[in-house]
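Engineer: what follows is a protein structure lacking sequence information:
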Ligand SMILES: NC(=O)C1=CN([C@@H]2O[C@H](COP(=O)(O)OP(=O)(O)OC[C@H]3O[C@@H](n4cnc5c(N)ncnc54)[C@H](OP(=O)(O)O)[C@@H]3O)[C@@H](O)[C@H]2O)C=CC1
Ligand SMILES: O=C1O[C@H](COP(=O)(O)O)[C@@H](O)[C@H](O)[C@H]1O
């Protein structure tokens, strides 16, 4: 497929700091509720009495100026934020959370007065925690001169408290240390539950009772999985709500923090050319594709209890689908957006067994290297039939999307690592050029692709004439490749989400009714797969997955877009 090199005009869109220096400014991300000030710092956008946004003081300035925070908590004398990473010794904390906190600090996005605490059962001193964290911190934006300086300053703000997860004494001791650091300022506290789900409630019970802020806010970021089905998810919600209000619970789905997922609504609602096409009238099908080129290595213990449908489809892909298909929200406020997402989820049909294909990777040798089968992973129970791959056809029974298949495909140990949204448009009716296109008219339809990762891009496949005296048609891409358009790092999803949680911005977090609606779509089929012990179709490690996925798509006259194109 030839790339035409047609691009969006540099510097032509957007106002604000990004547009002023699109290629030179360091990246400071701003949500719709944040804007850049003259110095490029993120500032909260408050609404004035007439509803128009006005740039308020940044968090840092709020603490100094003593203006009220979003929660209405007075911040005279300054406020402070303490972020406690519960499960600090674990994989996610080391890989994502501490590096994201450092990146926010590096970019001056954290409030002036902040403290980071690690909490876990492992015995560690503050110094040992700092050593552990320092191994994963990078000055990834650019190697600015003050990098090691900044790292040192950040590490000095990191402390550790060892304790059991169900121990009120442990969290009381944490509370005592937090108070020391808060030094009389108004304490705001964020707890990140980076722990296995079976101990979520223990931690929330102990921490909320003994380590809640006395007169600031207290928030808990809860990691997935949020249960295994409707029942267990409902039970988890009820248990959490014994100790917390919904306002305090930030259910994270890190795919919502990815740059291209954020851009989905911008693309749709701020470009006249897309929104009118966004319905069954013009769209043939929508594909949501996730693939990883590695297996469950090391996480088999967790994964085997969940499988790919719960791990990726019911949350990450479904959240993207809801954003893709929702009606225009009344505003960009969290509740308005989440209201629209819930409506879409509640309009969806329960997934049926005949609309699902499951697979599991088997061992494979390639280039002298042997890749183990899923069941040969020592952390996976032998004979497991847990799917590591699934494809599904979903439907939204509303006026906009009636009859349009939304196909999902997610798999581990496939040939490539990729996440993308593909929108295949209908044929041009009575196409004047049909004779020049060839026999396969479906191949010549427009396709819009949002590549979430890697190499973030938005491209649109169009038909054009091959230059010359003849009349031959070609398919080309109008390609917005982020790395060419923006010479700056894209922030990690966890940075955006942590900053949002600190600022009380809930737009990218999952509300409990969204979660209920999401589980209602998948629970019956998950139960049936398990009750009937449906055997997954085996596929070799590193392949494109089971053939069954193609038959499923063919049932709805769909061809997977990622197969015909490897751009
Ligand atoms: N890792 C990842 O890439 C992702 C993880 N998640 C979610 O984030 C959360 C944390 O994941 P991850 O860091 O991988 O988890 P880990 O298995 O690394 O656990 C985190 C910490 O919890 C403690 N812990 C582990 N198992 C138990 C147990 N059975 N009982 C009590 N404590 C235990 C350990 O700390 P100690 O022994 O010191 O107390 C461990 O360091 C999970 O909910 C996971 O589903 C979500 C997306 C991706
Ligand atoms: O939530 C999860 O996501 C990761 C993939 O995240 P990405 O940001 O690296 O694409 C996946 O590997 C993991 O199984 C799942 O639990």
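Structural biologist: Alright, I've got the coordinates. What you see is a predicted model, and the numbers here were worked out from it, not measured in a lab. Ligands and ions are numbered 1, 2, ... in the order given.
Engineer: contact residues of the stretch 251-400 of the chain facing ligand 1?
Structural biologist: Contact residues (CB under 6 Å from any ligand atom) of the stretch 251-400 of the chain with ligand 1: residue 302. Yep, even glycine has a C-beta here, placed from its N, CA and C like the rest.
Engineer: which phi and psi does the nearest residue to residue 481 once chain neighbours are set aside have?
Structural biologist: Excluding the flanking residues, the one nearest residue 481 by CB to CB, 6 or more residues apart in numbering is residue 457, at 4.6 Å. When read as degrees, to the nearest 10, the backbone of residue 457 gives phi -160, psi 160.
Engineer: tell me if I'm right that residue 457 and residue 477 touch.
Structural biologist: No. Using CB atoms under 8 Å, residue 457 is not in contact with residue 477, being 9.0 Å away.
Engineer: beta partners of the residue nearest to residue 481?
Structural biologist: With DSSP bridges applied, residue 457 shows beta-bridge pairing to residue 451, residue 481.
Engineer: in contact with it, which residues are there?
Structural biologist: Going by CB atoms under 8 Å, 6 or more residues apart in numbering, residue 457 touches 449-451, 479-482.
Engineer: do residue 509 as well
Structural biologist: Residue 509 neighbours (CB under 8 Å, 6+ apart): 250-253, 256, 334, 497, 500-501.
Engineer: want to throw the residues you listed into TSV with distance to residue 556, secondary structure and neighbour count?
Structural biologist: Conversion of the contacts of residue 509 to TSV gives the following (distance: CB to CB, whole Å; DSSP: H, G, I helix; E, B strand; the rest coil; neighbours: other CB atoms under 10 Å):
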residue	distance to residue 556	secondary structure	neighbour count
250	37	strand	23
251	32	strand	22
252	32	strand	25
253	27	coil	23
256	27	helix	22
334	34	helix	20
497	34	helix	24
500	37	helix	24
501	39	helix	21
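Engineer: secondary structure class for the residue of the stretch 201-350 of the chain found nearest ligand 2?
Structural biologist: Among all residues of the stretch 201-350 of the chain, residue 311 sits closest to ligand 2, at 4.8 Å; criterion: CB to the nearest ligand atom. For residue 311, the assignment made with DSSP: H, G, I helix; E, B strand; the rest coil gives helix.
Engineer: burial of it, as a residue count?
Structural biologist: The tally of other residues near residue 311 (other CB atoms under 10 Å) stands at 24.
Engineer: with residue 198 instead?
Structural biologist: 9.
Engineer: from ligand 1, how far out is it?
Structural biologist: 7 Å (CB to the nearest ligand atom, to the nearest Å).
Engineer: how about the nearest residue to the residue of the stretch 201-350 of the chain closest to ligand 2, chain neighbours excluded?
Structural biologist: Closest residue to residue 311 apart from its sequence neighbours, by CB to CB, 6+ apart: residue 303 at 6.4 Å.
Engineer: I'd say that neighbour and residue 312 touch.
Structural biologist: No. Taking contacts as CB under 8 Å, residue 303 lies outside contact range of residue 312: 10.6 Å.
Engineer: residue in this protein nearest to ligand 1?
Structural biologist: Relative to ligand 1, the nearest point of the chain is residue 90 (2.4 Å; CB to the nearest ligand atom).
Engineer: now that residue. Its backbone dihedrals?
Structural biologist: On the backbone of residue 90 - angles per degrees, to the nearest 10 - the values are phi -90, psi 180.
Engineer: was I right about it contacting residue 193?
Structural biologist: No. With contact defined as CB under 8 Å, residue 90 does not count as touching residue 193 (10.7 Å).
Engineer: can you pull out the helices in the stretch 351-500 of the chain?
Structural biologist: Per DSSP state H, counting those that start in this stretch, the stretch 351-500 of the chain carries helices over the ranges 434-437, 482-485, 493-503.
Engineer: which of residue 90 and residue 193 has more neighbours?
Structural biologist: Neighbours were counted for residue 90 and for residue 193 using other CB under 10 Å; residue 193 has more, 24 against 17.
Engineer: how near is residue 96 to residue 382?
Structural biologist: 31 Å (CB to CB, to the nearest Å).
Engineer: the two: which is more packed in?
Structural biologist: Per other CB under 10 Å, whichever of residue 96 and residue 382 has more neighbours is residue 96, with 19 against 7.
Engineer: the closest residue to the more buried one other than its chain neighbours: neighbour count?
Structural biologist: Residue nearest to residue 96 in three dimensions, not counting chain neighbours: residue 494, with 4.7 Å by CB to CB, 6+ apart. Residue 494 has 23 neighbours, counted by other CB under 10 Å.
Engineer: which residues are in contact with residue 494?
Structural biologist: Shown in contact with residue 494 (CB under 8 Å, 6+ apart): 96-97, 99-100, 254, 257.
Engineer: may I ask which helix or strand encompasses the nearest residue to residue 350 once chain neighbours are set aside?
Structural biologist: Excluding the flanking residues, the one nearest residue 350 by CB to CB, 6+ apart is residue 524, at 5.3 Å. Taking DSSP states H and E as the criterion, residue 524 maps to helix 512-531.
Engineer: give me the contact list for whichever helix or strand comes after that helix.
Structural biologist: Downstream of helix 512-531, the first helix or strand assigned by DSSP H and E is strand 537-540. Under the contact criterion CB under 8 Å, 6+ apart, strand 537-540 has outside partners 357-364, 389, 411, 545-548.
Engineer: if we go to 10 Å?
Structural biologist: 357-366, 371, 373-375, 387-389, 411, 413-415, 545-549 (CB atoms under 10 Å, 6 or more residues apart in numbering).
Engineer: so which of the contacts of residue 494 wins on neighbours?
Structural biologist: For those, the largest number of neighbours (other CB under 10 Å) sits with residue 97, at 25 neighbours.
Engineer: can you pull the contacts of that one?
Structural biologist: Per CB under 10 Å, 6+ apart, neighbours of residue 97: 83, 85, 87-88, 90, 116, 118, 133, 136, 192, 194, 221, 223, 494, 498.
Engineer: which of the residues you listed fall in strands?
Structural biologist: The strands, defined by DSSP state E, take in 83, 85, 116, 118, 192, 221 from those.
Engineer: tell me the mean pLDDT over stretch 286-300?
Structural biologist: Confidence for stretch 286-300, expressed as mean pLDDT, is 93.
Engineer: circling back: ok, the residue of the chain closest to ligand 1 to residue 132 distance?
Structural biologist: Applying CB to CB to residue 90 and residue 132 gives a distance of 11 Å.
Engineer: now for these two: what residues contact both?
Structural biologist: 118, 122.
Engineer: remind me which residues of the stretch 351-500 of the chain are low pLDDT?
Structural biologist: Low-confidence segments of the stretch 351-500 of the chain (pLDDT under 70): 439, 441-443.
Engineer: how about the chain?
Structural biologist: 1-77, 140-145, 439, 441-443, 564-567.
Engineer: turn the helices of the stretch 351-500 of the chain into CSV, including distance to residue 210.
Structural biologist: Listed next are these as CSV, based on distance: least, CB to CB, whole Å:
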stretch, distance to residue 210
helix 434-437, 69
helix 482-485, 45
helix 493-503, 21
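Engineer: mean neighbour count, the ones you listed: which tops it?
Structural biologist: Among the helices of the stretch 351-500 of the chain, ranked by average contacts under mean count of other CB atoms under 10 Å, first place goes to helix 493-503 (a mean of 23).
Engineer: quick one on the thing from earlier: how many neighbouring residues does the residue nearest to residue 311 have?
Structural biologist: For residue 303, the neighbour count with other CB under 10 Å is 23.
Engineer: ligand 2 contacts on the stretch 151-300 of the chain?
Structural biologist: Close to ligand 2, as judged by CB under 6 Å from any ligand atom, the stretch 151-300 of the chain has residues 254, 292.
Engineer: can you pull the contacts of the residue nearest the centre of the chain?
Structural biologist: Centroid-nearest residue in the chain, with CA atoms, centre = their mean: residue 255, separated by 1.2 Å. Residue 255 makes contact with 261, 290, 312, 315-320, 323, 419, 452-453, 493, 508, according to CB under 10 Å, 6+ apart.
Engineer: doesn't it belong to a helix?
Structural biologist: Yes. The assignment for residue 255 by three-state DSSP puts it in a helix.
Engineer: SS state for residue 130?
Structural biologist: helix.
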